[in-house]
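Colleague: Could you work out the structure for the sequence below:
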Amino acid sequence: MKKKYILRPGYVTSINDGQLHWITAEKLMALYGVSKDECYTMDSIRGVDVTGLINLRADPLGNYSLAKP
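Modeller: Numbering: from 1, shown residues only. Presented below is the predicted three-dimensional model:
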């Protein structure tokens, strides 16, 4: 399966509760509904042409839908 995404874990301040949350790569996969086989992680992109890959990040508004091409 060709990889389409780069998982970019990080902190996000939730608009819902005002709390700072750490969102892991595993949590991003679950939130966006993508499989590990479709994703690069930040530590696995060295030497990879990332042109055209979609960055998946934590969203403070909680919008984890993928835009359809």
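Colleague: Count the residues that sit near Leu61.
Modeller: Leu61 has 9 neighbours, counted by other C-beta atoms under 10 Å. Glycine gets a C-beta too; all of them are placed from N, C-alpha and C.
Colleague: what's the answer for Thr51, then?
Modeller: 5.
Colleague: Check the one 3 residues further on too.
Modeller: The burial metric for Ile54, expressed as a neighbour count using other C-beta under 10 Å, is 15.
Colleague: At which residues are the strands of this structure located?
Modeller: Using DSSP state E, the strands of the chain run over residues 5-8, 10-13, 20-23, 39-41, 54-57.
Colleague: Let me have these in JSON lines, adding distance to Met29 and mean pLDDT as columns.
Modeller: Below are the strands of the chain laid out as JSON lines (distance: least, C-beta to C-beta, whole Å; pLDDT from 0 to 100):
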{"stretch": "strand 5-8", "distance to Met29": "7", "mean pLDDT": "95"}
{"stretch": "strand 10-13", "distance to Met29": "14", "mean pLDDT": "94"}
{"stretch": "strand 20-23", "distance to Met29": "11", "mean pLDDT": "94"}
{"stretch": "strand 39-41", "distance to Met29": "6", "mean pLDDT": "93"}
{"stretch": "strand 54-57", "distance to Met29": "8", "mean pLDDT": "94"}
